[in-house]
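Peer 1: fold the following.
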Amino acid sequence: MGQADAADGGSSSVVGGSSLCGYSAESSRALARGAPTCSARDGKVQDPLGDAASNIGRLGHCGRHNSLLAALAKVMRSVWGMLVEVEPRDHLGYSNDYRPDVSVAGAGRSRSRLIGDVKFKDSLSSNPEDVGQRGAFVGLGNTEPGTSADVFGLEQRGAVGDGDFRPSDGGGYVAYKKADYAHALSRSDTDVQMYLFETFGGWCNAVKRLFYQMKDKVRNKLSKRQHEDEASWSTRSWLSLQAQRMSVALQLAAAEEIATELRLAAASEDAAVA
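Peer 2: Reported below is the predicted structural model:
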């Protein structure tokens with residue numbers, strides 16, 4: 001299951017005395033001024049750009065993750081049909097310690113079973129002081145290292161006395177971390193992939209490889225139905241159509257989480273005022 005955050009979209013526009021995201025006029029003005037509103041999770045306050053809403057929202061991150069997963073599964077099923085299983089129940093035979101988000105028999109390396117774990121994360125934080133600097137210089141720099149460690153695990157390197165790990169030169173101490181997919185990774189008939197997305201729109205290389213694999217399988221050609229009913233002037237190939245759809249689904253999922261969280265916050269705040 002993935003996490004996510006969203007960039008922008010937290011502030012509200014006031015139309016006819018009520019805001020587009022559900023805030024009262026006064027609450028909307030407070031957000032526009034950057035004033036604290038009611039609490040998010042762990043006692044944090046909502047901010048006008050939605051960073052708290054997308055990092056520590058009261059409802060968690062299942063909604064945005066499920067929306068993104070559904071969009072990805074739809075793209076995959078346009079190529080592999082019902083071979084694509086979403087959150088399969090019978091996964092214990094090939095992954096007994098973690099349930100994958102998607103599984104496709106025969107679509108992995110050397111015709112093995114493809115196992116995909118979809119992650120949807122934000123490169124920022126509800127606390128500006130916690131925002132990593134790596135993300136300003138390296139794509140997915142604030143999200144990919146930790147997420148990869150969760151999915152694939154880490155081998156111990158160095159000793160405790162070597163100090164903290166240093167990305168700049170690879171030195172320092174790295175503690176052992178068990179992989180979420182340790183069982184699947186130990187098998188020769190499974191191909192475990194981490195499909196990481198960021199709320200600012202970024203995709204990891206594994207997602208890029210997946211889309212190119214699917215593009216090659218359909219020879220980058222649209223079906224008759226896709227060509228007549230779904231494609232536009234800017235999407236005249238399979239890859240352009242599906243990549244555009246995936247990008248739109250990503251941004252909608254991130255924005256909807258912020259809107260939902262701010263509506264929830266507004267309801268609590270307005271009830272308290274009343």
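Peer 1: what's the host helix or strand of residue 149 packed up against?
Peer 2: Assigned by DSSP states H and E, residue 149 belongs to helix 144-152. Judged by 3 or more CB pairs under 8 Å, 6 or more residues apart in numbering; DSSP states H and E, helix 144-152 is in contact with strand 113-121, strand 190-198. In this view, the C-beta of every residue, glycine as well, is placed from N, C-alpha and C.
Peer 1: separation between residue 227 and residue 249?
Peer 2: As judged by CB to CB, to the nearest Å, residue 227 and residue 249 stand 21 Å apart.
Peer 1: of the two, give the one with the bigger neighbour count.
Peer 2: More neighbours surround residue 249 than the other of residue 227 and residue 249, with 19 against 14 (other CB atoms under 10 Å).
Peer 1: tell me how many other residues crowd the closest residue to the more buried one other than its chain neighbours.
Peer 2: For residue 249, ignoring the flanking residues on the chain, the nearest one in space by CB to CB, 6 or more residues apart in numbering is residue 71 at 3.5 Å. Look at residue 71: counted by other CB under 10 Å, it has 20 neighbours.
Peer 1: wait, isn't residue 71 in contact with residue 244?
Peer 2: No: using CB atoms under 8 Å, residue 71 is not in contact with residue 244, being 11.4 Å away.
Peer 1: now do the contacts for the nearest residue to residue 160 once chain neighbours are set aside.
Peer 2: Closest residue in space to residue 160, ignoring its immediate chain neighbours: residue 173 at 5.5 Å, by CB to CB, 6+ apart. Residue 173 makes contact with 157-165, according to CB atoms under 8 Å, 6 or more residues apart in numbering.
Peer 1: the nearest residue to residue 161 once chain neighbours are set aside pairs with what?
Peer 2: Distance criterion CB to CB, 6+ apart; nearest residue to residue 161, sequence neighbours excluded, is residue 173 at 7.6 Å. Counting by DSSP bridges, residue 173 forms beta bridges with residue 164.
Peer 1: correct me, but residue 109 touches residue 192?
Peer 2: No: the criterion here is CB under 8 Å, and residue 109 misses it with residue 192 at 10.2 Å.
Peer 1: with neighbour numbers in mind, choose between those two.
Peer 2: Shown here are residue 109 and residue 192; by other CB under 10 Å, residue 192 has more neighbours (26 against 9).
Peer 1: right, and that one touches residue 117 too?
Peer 2: Yes: if you go by CB under 8 Å, residue 192 and residue 117 touch, sitting 7.4 Å apart.
Peer 1: now do the strands in the chain.
Peer 2: 14-15, 18-19, 84-86, 102-104, 113-121, 190-198 (DSSP state E).
Peer 1: any idea which of those strands is most buried?
Peer 2: For the strands of the chain, the largest average neighbour count (mean count of other CB atoms under 10 Å) is found in strand 113-121, namely a mean of 25.
Peer 1: returning to that earlier point: shared neighbours, residue 192 and residue 117?
Peer 2: With CB under 8 Å, 6+ apart as the test, residue 192 and residue 117 both reach 151, 181.
Peer 1: distance to residue 146 added to the helices and strands packed on helix 144-152, as JSON lines?
Peer 2: As requested, those are exported to JSON lines (distance: least, CB to CB, whole Å):
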{"stretch": "strand 113-121", "distance to residue 146": "9"}
{"stretch": "strand 190-198", "distance to residue 146": "10"}
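Peer 1: any idea which of those gets closest to residue 240?
Peer 2: Between residue 240 and the helices and strands packed on helix 144-152, the tightest spacing by CB to CB is seen for strand 190-198, at 18.4 Å.
Peer 1: okay then, goodbye and thanks.
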